[in-house]
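Asks: okay, sequence plus prediction incoming.
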Amino acid sequence: MNKGIVSRIQTVVDHLEISVSAFADEIGVQRSSMSHLLNGRNKPSLDFVMKLVDTYPEVDLYWLLKGKGSFPKEANQIEDAPASIVEEKLEENTTESLSESYSVKHLKNSKLSKEPYKIVMFYSDGTFEAFQPKKD
């Protein structure tokens with residue numbers, strides 16, 4: 001699996017037509033970390049993966065991790081998918097108490113000074129999903 005994700009990271013760098021050093025600078029990781037990752041010395045961390053998908057929204061998290069889906073995302077996928085996925089996943093996967101306290105309706109209608117910008121769901125099998133609500 002490590003070789004697969006590393007090759008997909010290299011695909012992203014190639015697609016962007018920038019150097020590995022520039023890519024590392026863009027996503028906010030050390031250049032040496034990128035070198036170790038691409039040479040197979042290290043595996044990508046969750047922090048690395050999240051920085052990459054945050055910096056480049058055209059990179060689909062599931063494609064990056066599993067190789068399924070497409071790269072780059074189409075423009076409508078980048079804008080529309082997160083909000084609908086957040087709604088669907090919150091409705092399907094939340095516990096009753098979480099659902100009551102932080103329902104999708106509450107999140108959408110909240111007038112708090114702090115607005116959620118990302119939701120990361122960690123599952124018991126070690127996988128995770130990240131969602132960014134659609135901005136109005």
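Replies: Looks like it came in fine. Numbers count the residues shown, from 1 in each chain.

Asks: show me which helix or strand of the chain is least confident by mean pLDDT.
Replies: helix 96-101 (a mean of 41; mean pLDDT, DSSP states H and E).

Asks: next, give phi and psi for F128.
Replies: F128 adopts backbone torsions of phi -150, psi 160, taken as degrees, to the nearest 10.

Asks: leaving out sequence neighbours, find the closest residue to it.
Replies: F122 (4.8 Å; Cβ to Cβ, 6 or more residues apart in numbering). No exception for glycine: its C-beta is placed from N, CA and C like everyone else's.

Asks: that neighbour: neighbouring residues, count only.
Replies: For F122, the neighbour count with other Cβ atoms under 10 Å is 10.

Asks: which pLDDT value belongs to it?
Replies: Note on F122: pLDDT of 84.

Asks: ok, now how distant is it from A130?
Replies: Applying Cβ to Cβ, to the nearest Å, the value for F122 to A130 is 10 Å.

Asks: quick one: contacts of stretch 13-27?
Replies: Applying Cβ atoms under 8 Å, 6 or more residues apart in numbering, the contact partners of stretch 13-27 are 12, 30-31, 33-35, 38, 48, 51-52, 54-56, 71-72.

Asks: 6 Å - rerun?
Replies: 31, 34, 51-52, 55 (Cβ atoms under 6 Å, 6 or more residues apart in numbering).
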